[in-house]
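Asker: with the input below, show me the fold.
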Amino acid sequence: MSNRGESHFATARTASHDPDFPDKLLEFMRTGWQDHPIEVRARPATPHYARRRAALSATYPGETLVIPTGPSKVRANDTLYPFRPGSDFAYLTGDHDPDGVLVLRPAGSGHDVVLYTRQRSSRETDEFFRDRDGELWAGRRRTLAEKSAELVIETAPLADLDAALARCAPGRTRVLRGLDPRVDAAVPAVDARDRELAATIAELKLVKDEWEIAQLRDAVEATIRGFEDVARALPADRGVSERLIEGVFGLRARHDGNDVGYGSIVGAGPHATILCWKRNDGRTAPGELLLMDMGVENNHLYTADVTRTLPVSGTFSPLQRAVYDIVHASQQAGLEAVKPGVRFADVHLTCMRVLAEGLVELGVLQVSADEAMDPGSMLYRRWTLHSFGHMLGIDVHDCAAARPDHYREGELSEGNVLTVEPGLYFQPDDDLVPAELRGVGIRLEDDVLVTAEGAVNLSAGLPRRADELESWLADQRDAGPRLP
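Answerer: Residues are numbered from 1 along each chain as shown. I've put the predicted structure just below:
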């Protein structure tokens, strides 16, 4: 296969077991193909992406900005994970294909914006049938003109990127690092400048516009359907594998969206006390609790992040309900605290105060809530472990690169979307809690939009109170399993 004129950004991908085809077959494969152009139209969301690029451009006049999406990643040997674009790249372009690089180069009072991307596999070489990214292997890619029309952005072949990056002026270029090793190697790093670019993009994402809020509502609604699917498939009288539950929810995520927004956490019994339990190799058991932290990522890559803890048998035991009610009270206090101008850290303290007082009432904390909450003590954290929540958007932990004073040390603003997700976790081997509490883990998480008036719970379609949750679970079971 010929690759003359290709840069290292556009090299062919073959496998060691690909055969050395005879010339007669090669000549045969090169003939007799029809050309079917695709009629494309500008995607409705393109104005939103253009506004974001304009805002980024205005922040860095006279500087070149380089934002890659990254290549596909190897799963094992010569197989790849399904590709998910880099979040910041997708936020600025709407492009979901691998290997693309967005370059903003100074021009006049603004920037020329060019998306370097792989072209359609041409019939002029053997790429279309021999390259693992060729048309007969992976499906037809857009031509440069088609992609340009669809995304309303200037495009250029990825093969030209080497030359474009070679023209980047030292000290006047910023690169979003850690996504594409080839880009990282091509442009010398200036750590502080590059980190500032990442922070700026993260801070642009802090306040969601109406279109983004609609995407999050879409993701949340699909997530609620996924929780309903799981409840309908969850037996009350026998155990099932955590992976069955993961799979039922995953079916909904792939049917109604792009995928799950993160690895689903399905923790049955004592697994519920492990914050990021991902193996999901346990089984439910009647009488125990089931913690499920799951979210659908919609087709524009915005994700929900919702947690519910269900009593497998259908009703909470008195002790389970007592712990659940503490967590619910903590979350309710957090929801009531959320509004513009409130410090992010103060919402955290509000939730934690309720949890600490509950731990005292349970007899777990042997000191007062005030002592446990003292910054020099924080003894309550043994059983709460994590913060009250995080920003949510095109990433499940959105805006993570934002500067502290804009996020965790700052104030909430209208248009923020965040989770409120307190929890209590009593490890199975914790000698400092009563035996009957060991192995109990409960978290309650909802997705919240900050408005001028306060907070809107986007995931309110799933009940939160213990009695309402029991009734909801019974109703779902009565309805029976369903296909998406």
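
Asker: how near is the closest residue to Y407 other than its chain neighbours to Y262?
Answerer: Leaving aside its sequence neighbours, Y407 sits nearest to C399 (CB to CB, 6 or more residues apart in numbering; 6.0 Å). In short, each C-beta sits where N, CA and C put it, glycine included. Per CB to CB, to the nearest Å, C399 is found 15 Å from Y262.

Asker: and these two? which has more neighbours close in?
Answerer: C399 (25 against 17; other CB atoms under 10 Å).

Asker: what secondary structure does the more buried one sit in?
Answerer: coil (DSSP: H, G, I helix; E, B strand; the rest coil).

Asker: as a check, name the ranges of all strands in the stretch 251-400 of the chain.
Answerer: Under the criterion DSSP state E, counting those that start in this stretch, the stretch 251-400 of the chain carries strands at the ranges 259-260, 265-268, 289-294, 296-297, 306-311.

Asker: any idea which of those is most buried?
Answerer: With neighbours defined as mean count of other CB atoms under 10 Å, the strands of the stretch 251-400 of the chain peak in mean count at strand 296-297, which reaches a mean of 28.

Asker: I'd like to know which elements that strand is packed against.
Answerer: Packing partners of strand 296-297 (3 or more CB pairs under 8 Å, 6 or more residues apart in numbering; DSSP states H and E): helix 210-233, helix 242-256, strand 259-260.

Asker: centre of the chain versus it, how much separation?
Answerer: With CA atoms, centre = their mean, to the nearest Å as the basis, strand 296-297 stands 8 Å off its chain's centre.

Asker: which residues sit against that strand?
Answerer: With contact meaning CB atoms under 8 Å, 6 or more residues apart in numbering, strand 296-297 is reached by 219, 222-223, 226, 252-253, 256-261, 303-304.

Asker: CA atoms only: put stretch 39-54 into CSV for me.
Answerer: Taking Å, rounded to 0.1, in the frame of the first residue of the first chain, the C-alpha atoms of stretch 39-54 are listed here in CSV:
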residue,chain,number,x,y,z
GLU,A,39,-25.4,15.1,0.7
VAL,A,40,-24.6,16.7,4.0
ARG,A,41,-26.1,19.8,5.7
ALA,A,42,-24.8,21.9,8.5
ARG,A,43,-25.7,20.4,11.8
PRO,A,44,-28.1,22.4,13.9
ALA,A,45,-25.7,22.8,16.8
THR,A,46,-22.9,24.4,14.8
PRO,A,47,-23.6,27.9,15.9
HIS,A,48,-23.0,26.8,19.5
TYR,A,49,-19.6,25.4,18.7
ALA,A,50,-18.7,28.5,16.7
ARG,A,51,-19.6,30.8,19.7
ARG,A,52,-17.3,28.7,21.9
ARG,A,53,-14.4,29.0,19.4
ALA,A,54,-15.0,32.7,19.2
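
Asker: hmm, back to that, what's the ChimeraX line that selects buried ones from the contacts of strand 296-297?
Answerer: Those of the contacts of strand 296-297 that count as buried under 16 or more other CB atoms under 10 Å are selected in ChimeraX with:
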select :219,222,223,226,252,253,256,257,258,259,260,261,303,304
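
Asker: in CSV: the contacts of strand 296-297, plus pLDDT and distance to P170.
Answerer: Putting the contacts of strand 296-297 into CSV (pLDDT from 0 to 100; distance: CB to CB, whole Å) gives the following:
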residue, pLDDT, distance to P170
A219, 98, 41
A222, 98, 46
T223, 98, 46
G226, 98, 49
R252, 98, 49
A253, 98, 44
D256, 98, 47
G257, 98, 42
N258, 98, 38
D259, 98, 40
V260, 98, 42
G261, 98, 38
T303, 98, 38
A304, 98, 43
